[in-house]
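Novice: Got a sequence here, can you build the structure:
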Amino acid sequence: MQTTLLSVPLVPEISLHLAGTRTGLFDAAGGAFSSDVAPPFWAFAWAGGQALARYVLDHPDVVAGKRVLDVASGSGIAAVAAARAGAAEVEAIDLDPAAVEAALRNAEVNGVSLRARAADIADTEGADVVLAGDVFYTRSVADRMTAEMRRLVRQGRVLVGDPGRGYLPERLFQRAAEFAVPVPAALEDTETLVTTVWEMLSPHNKLYAANK
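Specialist: Model prediction:
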């Protein structure tokens, strides 16, 4: 997919190689979904990733000096924000090798360093802070993500950006922030998505035992 270097609407401090605002997810495939080729999720600044990036830059103490893992990183926006906010180490993982390349390319253009690899969340050992944007978009994916995040939250904080996709188990999270995120109408059928940054309850939180 052809991309252009653009500033991110909610996070203008960051520029990414993105599809144009009039481009939809499946436009490069003639508007049709193909199971043989992964959709280019990495070519868009999804609302959840934008919200996470904004939150991290506004609260650098969350990641400063820490090891950060960006799960299902896509464009790498959250990873780039963590690196800019002073994280000691940043790793971005995504199942799509094209997303790995995009994250590295976007890190370079923003003058930060991070590691990136094609991997599943189940293949990770965790970090001080785990970031994940827009990962609760189907029931099956949400169930897998929830199970793995409950493993990872025993080792560090887990922050999720979600624009109300409908499958996030809110009982396991607490609200950290909320943003009105500008998004392309060609992608979301709207120009703004109210997006929440959630923090997963840790095993040390009294609400965790009550809601698990």
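Novice: How many neighbouring residues does Arg67 have?
Specialist: 18 (other Cβ atoms under 10 Å). To be clear about C-beta, it is placed using only N, CA and C from the backbone, and glycine gets the same treatment.
Novice: Spit out the contact partners of it.
Specialist: 87-89, 91, 127-129, 156 (Cβ atoms under 8 Å, 6 or more residues apart in numbering).
Novice: same thing with Ala19?
Specialist: So Ala19 contacts 1-4, 27, 40, 43-44 (Cβ under 8 Å, 6+ apart).
Novice: Show me where this structure has its strands.
Specialist: Taking DSSP state E, the strands of the chain run over residues 4-7, 15-18, 67-71, 89-94, 115-118, 129-133, 157-162, 173-182, 192-200.
Novice: I'd like those as TSV, with mean pLDDT and distance to Asp61 appended.
Specialist: Shown next, in TSV, are these (pLDDT from 0 to 100; distance: least, Cβ to Cβ, whole Å):
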stretch	mean pLDDT	distance to Asp61
strand 4-7	96	25
strand 15-18	97	24
strand 67-71	98	13
strand 89-94	98	16
strand 115-118	98	22
strand 129-133	98	11
strand 157-162	98	12
strand 173-182	98	13
strand 192-200	98	14
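Novice: okay but Ala47 is in contact with Asp134, surely?
Specialist: Yes. Using Cβ atoms under 8 Å, Ala47 is in contact with Asp134, at 6.8 Å.
Novice: Need the residues touching each of these two.
Specialist: Contacts common to Ala47 and Asp134, judged by Cβ under 8 Å, 6+ apart, are 161, 163.
Novice: Looking at the two now, which is surrounded by more residues?
Specialist: Neighbours were counted for Ala47 and for Asp134 using other Cβ under 10 Å; Ala47 has more, 30 against 22.
Novice: Contacts only, for that one.
Specialist: Ala47 neighbours (Cβ under 8 Å, 6+ apart): 133-134, 161, 163, 181, 183, 188, 193, 195.
Novice: next one: Leu57
Specialist: 11, 13, 81, 84-85.
Novice: go again using 10 Å as the cut-off
Specialist: 10-11, 13-14, 63, 80-82, 84-85 (Cβ atoms under 10 Å, 6 or more residues apart in numbering).
Novice: repeat for Leu159
Specialist: 51-52, 55-56, 59, 62-63, 68, 78, 129-133, 173, 176-177, 197-200.
Novice: ok, now with 6 Å
Specialist: Applying Cβ atoms under 6 Å, 6 or more residues apart in numbering to Leu159 gives the contacts 131, 199.
Novice: next one: Thr21
Specialist: Pro184.
Novice: Next, work out how far apart it and Ala186 are.
Specialist: 7 Å (Cβ to Cβ, to the nearest Å).
Novice: so how far is Glu89 from the residue positioned nearest the centre of the chain?
Specialist: Central residue of the chain (Cα atoms, centre = their mean): Gly133, 2.8 Å from the mean position. Gly133 sits 19 Å away from Glu89, going by Cβ to Cβ.
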